[in-house]
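Chemist: Build the 3D model from these lines:
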Amino acid sequence: MAESSKLKLLYILEIMKKTDWLHPLNTTEIAKKLRSKYGVTAERKSIARDLACLDDAGYSIKLCEDHNRGYYMTDQLFEDYELKLLADAVNASPFLTVKDTRDLVKKIHSLATVEGEEIIKATSLCDPGIKTENVRNKMKLDILTRAIKYKRKISFQYHAVGKDAGKKLHRDGKVYTVSPYYLVMFQYEYYLIANPDTHDHLTHFRLERITNLDELKTIIRNPRELPEHGEAFDLASYMRSAVNMWTGETVSIRLHCKDFMRPHIRARFGKEAHFSEDRDGGFSVTLRVVDNRGLYQWLAHYGESVKVLSPDTVVEHYLAYLGDILKNYERK
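Modeler: Numbers count the residues shown, from 1 in each chain. Just a heads-up that it's a prediction; the model follows:
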């Protein structure tokens, strides 16, 4: 009997987590939910005592001014808008399957109030067209996070890109052995930042393309031994400089931009963007970035609104990149 009473208290707590001031429950309604969901029969007076017990235990259980409307909880773990943000992030993640997405969003629904669940369902979208069919991504996430936590090396093969993506292996099935340091998200895709045994620099691997992943017993290489890492390494700064997740030589560049570009620059580079005003109404900005195709792709996105002023090497590389694009439109 005592055990049944303890379980009833927990069941009532779970029921109250779905309430708010707009969706209270009276003791009769709680009794119905206990019976239909948990198979527990309870009297209204005992439910009222349990609610008082929960309130004494620190859960904020309030009684409506109109006592007939019943009780509601005010200290849910998440606000409804926070759960909406989580659901949207899960729905927008292409590395999850449709089933995994729906299962996760369903769990998020369970944390919401009645109104919150209705809001999430009405305003969130899962687009099956962007979702992967790779059911192993969640297992890869688990292996990688554990390897990073316990500082263990990993080995894996890497899928090729193009028409054989997901079927053909990169570099004839080369097995990579790396020291994993960070697992980061960029444009809703996860990337592993690691140091391959064959190199002295950081390299990025896209989670979706990693296959045949194994955690090894070997301890990772100390990241401080890497020239680009060191003791003063800051992951956020590194991510800002590695435009579009490309690696390469980090350089200081100066751009001239039209005025509307200010929020775009700030959103991408944060406090590391150093601005100066120009007489023509635009502005110049100095940035630390990796000189590689990722940078040129980003620059080309803004077209004539951004001009590279220096250094000359980046200007030449960018012009060559644009030249290759123009060649696609040459008339024969």
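Chemist: helix/strand/coil for Ala236?
Modeler: At Ala236 the chain is in helix, as set by DSSP: H, G, I helix; E, B strand; the rest coil.
Chemist: Distance of it relative to Tyr182?
Modeler: Distance, Ala236 to Tyr182, using CB to CB, to the nearest Å: 11 Å. The C-beta positions use only the backbone N, C-alpha and C, and glycine is treated the same way.
Chemist: okay, these two: which has more neighbours?
Modeler: Tyr182 (16 against 11; other CB atoms under 10 Å).
Chemist: Excluding sequence neighbours, find me the nearest residue to that one.
Modeler: Closest residue to Tyr182 apart from its sequence neighbours, by CB to CB, 6 or more residues apart in numbering: Ile193 at 4.2 Å.
Chemist: ok, the one you found - contacts?
Modeler: Listed by CB atoms under 8 Å, 6 or more residues apart in numbering, the contact partners of Ile193 are 180-184, 202-204, 235, 238.
Chemist: What backbone torsions are found at it?
Modeler: According to degrees, to the nearest 10, the main-chain angles of Ile193 amount to phi -100, psi 120.
Chemist: Quick check: bridge partners of it?
Modeler: Ile193 has these beta-bridge partners by DSSP bridges: Tyr182, His204.
Chemist: Let's see the pLDDT reported for it.
Modeler: Looking at Ile193, its pLDDT reads 97.
Chemist: how close does Gly70 get to Ile30?
Modeler: Look at Gly70 and Ile30: by CB to CB, they are 8 Å apart.
Chemist: out of those two, which sits in the more crowded spot?
Modeler: Higher neighbour count among Gly70 and Ile30: Ile30, with 23 against 19, using other CB under 10 Å.
Chemist: Output the helix or strand hosting the more buried one as PDB, restricted to C-alpha atoms.
Modeler: For Ile30, the element it lies in under DSSP states H and E is helix 27-33. Only the C-alpha atoms of helix 27-33 are listed here, as PDB (Å, rounded to 0.1, in the frame of the first residue of the first chain):
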ATOM      1  CA  THR A  27      -8.900  16.700  -8.500                       C
ATOM      2  CA  THR A  28     -11.600  15.000 -10.500                       C
ATOM      3  CA  GLU A  29      -9.700  15.400 -13.800                       C
ATOM      4  CA  ILE A  30      -6.500  14.300 -12.100                       C
ATOM      5  CA  ALA A  31      -8.200  11.200 -10.800                       C
ATOM      6  CA  LYS A  32      -9.400  10.400 -14.300                       C
ATOM      7  CA  LYS A  33      -5.900  10.700 -15.700                       C
END
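Chemist: What residues sit buried inside it?
Modeler: 27, 29-31, 33 (16 or more other CB atoms under 10 Å).
Chemist: What is the subsequent helix or strand relative to it?
Modeler: Next along the chain after helix 27-33, taking DSSP H and E as the criterion, comes helix 44-56.
Chemist: That following helix - contacts with which helices or strands?
Modeler: Under the contact criterion of 3 or more CB pairs under 8 Å, 6 or more residues apart in numbering; DSSP states H and E, helix 44-56 touches helix 2-16, helix 27-33, strand 61-63.
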